[in-house]
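Student: take a look and give me a structure for this.
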Amino acid sequence: MLKTVSIIIPVKEVNDYIAESLGEINKLDYGLKKVEVIVLPDSPSRIKGKFKFKLKVIPTGHIYPGEKRDIGIKKSAGEIVAFIDDDVFPKKEWLKTAVNIFGSDKNIGAACGPAVTPENDSFLRKVSGFIYSSFLGGGGYRYRYIPEKARFVEDYPSCNLLVRRDVLEKVGGFNTEFWPGEDTVLCLKIVRDLKLKIAYDPDIFVYHHRREFFSGHIKQVKSYAMHRGYFVKRFPETSLKAGYFVPSAFALYLVSFSYPLIFCHKWLSVWSMPLELYVLLLFADSIKTAGPAYAAPTMAGILLTHIYYGLYFLKGLFSTKLNEEKGEKK
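Tutor: Model prediction:
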């Protein structure tokens, strides 16, 4: 028997991405009479179109995405609540795969899958996607951006996250002032407090339009890094991991070049050896991931992502309090 599903999409305003997303949801290989979609814009809005699912448009005012999702949860009726972003659209098998996974194990509280850069994205948006999906850029989290083997995870972005309703009720929804990072808090409650599992499957597949490199991408990176650094102290279970510190170590290594440049020139060749190895790896990784046409901007993008992430991670780490919307100190 098919489970009822509520798909919740927080937005600032109704846009072309929403139209694309709803159009693809309308093609899902699932009984769409069992599906409702709840769109939560800031202001009252109309969405035109004929859909096989039930559509609700609920204006919320200008509030954080986590707060919008909590309103959506309260207004929803599905046994499974699926969270995606407005710039996300699913593959045909997305919902069927996720619901089947919930049916396979009662200890699975949430399910998730890759959010892949679509082929129709612009050149600069694809560069951002290649950065995230590269070995050096995505690291151990590449499975969030390209399909990889099924596994259980402890933390996952809410651009493609499905949760049992009873689990959301037990943890009180997102119920957090953080943004970004509200999904980290929710996942922590599911894994730590309820002792349930979050299942990743490559077939719970959505497409995710990226932000353009340079400005949009770096703005996103800075915000993520600030919050992850702050979360090291606030939520060490999810964030006190060596991998998150590596970009900061690299940024400090680059800063350390001031010593041989100013005080000890004879050490410069030795000091440069790790950087030379990094550049070789960067070149090989960019060619393999992005191909010749995208390799140069991808190389530059990975380098700049490492530097900005490393510095802003440290800023968050040493911050006593964050302005949650802007990722800055209050």
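
Student: once you drop chain neighbours, what's closest to the spatially most central residue of the chain?
Tutor: For the chain, the residue lying nearest the average C-alpha position, counting by CA atoms, centre = their mean, turns out to be P157 (3.9 Å). The shortest distance from P157 to any non-neighbouring residue, by CB to CB, 6 or more residues apart in numbering, is to D183 (5.4 Å). In short, each C-beta sits where N, CA and C put it, glycine included.

Student: tell me the first helix or strand C-terminal of the host helix or strand of that neighbour.
Tutor: Applying DSSP states H and E as the criterion places D183 in helix 182-188. Sequence-wise, the next helix or strand downstream of helix 182-188 (DSSP H and E) is strand 197-200.

Student: L124: what's it in contact with?
Tutor: Neighbouring residues of L124 by CB atoms under 8 Å, 6 or more residues apart in numbering: 212-214, 297.

Student: I'd assumed it was in a helix, is it?
Tutor: Yes - under DSSP: H, G, I helix; E, B strand; the rest coil, L124 falls within a helix.

Student: that older thread, which ones among the contacts of L124 are found in helices?
Tutor: In this view, these that belong to helices under DSSP state H are P297.

Student: output the contacting helices and strands for the helix or strand hosting S272.
Tutor: Here S272 sits within helix 268-290, counting by DSSP H and E. Applying 3 or more CB pairs under 8 Å, 6 or more residues apart in numbering; DSSP states H and E, one finds that helix 268-290 makes contact with helix 123-133, helix 135-138, helix 242-255, helix 258-262, helix 292-317.

Student: residue ranges for the helices of the stretch 1-150 of the chain, please.
Tutor: 16-25, 65-75, 94-104, 123-133, 135-138 (DSSP state H, counting those that start in this stretch).

Student: before we move on, back to that, and the gap between the residue nearest to the centre of the chain and A249?
Tutor: 24 Å (CB to CB, to the nearest Å).

Student: likewise K288?
Tutor: 24 Å.

Student: same question, V57
Tutor: In terms of CB to CB, V57 sits 47 Å off from A249.

Student: who has more neighbours, these two?
Tutor: V57 (17 against 11; other CB atoms under 10 Å).

Student: need the pLDDT of the nearest residue to that one once chain neighbours are set aside.
Tutor: Excluding its sequence neighbours, the residue lying closest to V57 (CB to CB, 6+ apart) is V39, at 5.0 Å. Looking at V39, its pLDDT reads 98.

Student: number of residues surrounding V39?
Tutor: Neighbours of V39 under the rule other CB under 10 Å: 23.

Student: and what of K50?
Tutor: Going by other CB under 10 Å, the residues that sit close to K50 add up to 6.

Student: what of N15?
Tutor: 14.

Student: so what pLDDT did it get?
Tutor: 92.

Student: list the contacts for the nearest residue to it once chain neighbours are set aside?
Tutor: Spatial nearest neighbour of N15, excluding adjacent residues (CB to CB, 6+ apart): D86 at 6.6 Å. For D86, the contact set (CB under 8 Å, 6+ apart) comprises 9-11, 15, 17-18, 21, 39.

Student: per-domain residue ranges of the protein.
Tutor: 5-211, 216-329 (automatic domain parsing).

Student: single out the most deeply packed of the ones you listed.
Tutor: Mean neighbour count (mean count of other CB atoms under 10 Å) peaks for domain 5-211 among the domains of the chain, with a mean of 19.

Student: first-to-last residue distance for it?
Tutor: For domain 5-211, the first-to-last residue distance is 29 Å (CA to CA, to the nearest Å).

Student: also stretch 135-152?
Tutor: 20 Å.

Student: give the rounded mean pLDDT of that stretch.
Tutor: Rounded mean pLDDT across stretch 135-152 is 96.

Student: what residues does that stretch touch?
Tutor: Contacts of stretch 135-152 (CB under 8 Å, 6+ apart): 113-117, 129-134, 156-157, 197-203, 205, 243, 246, 281-282, 285, 288-289, 298, 301-302, 305-306.
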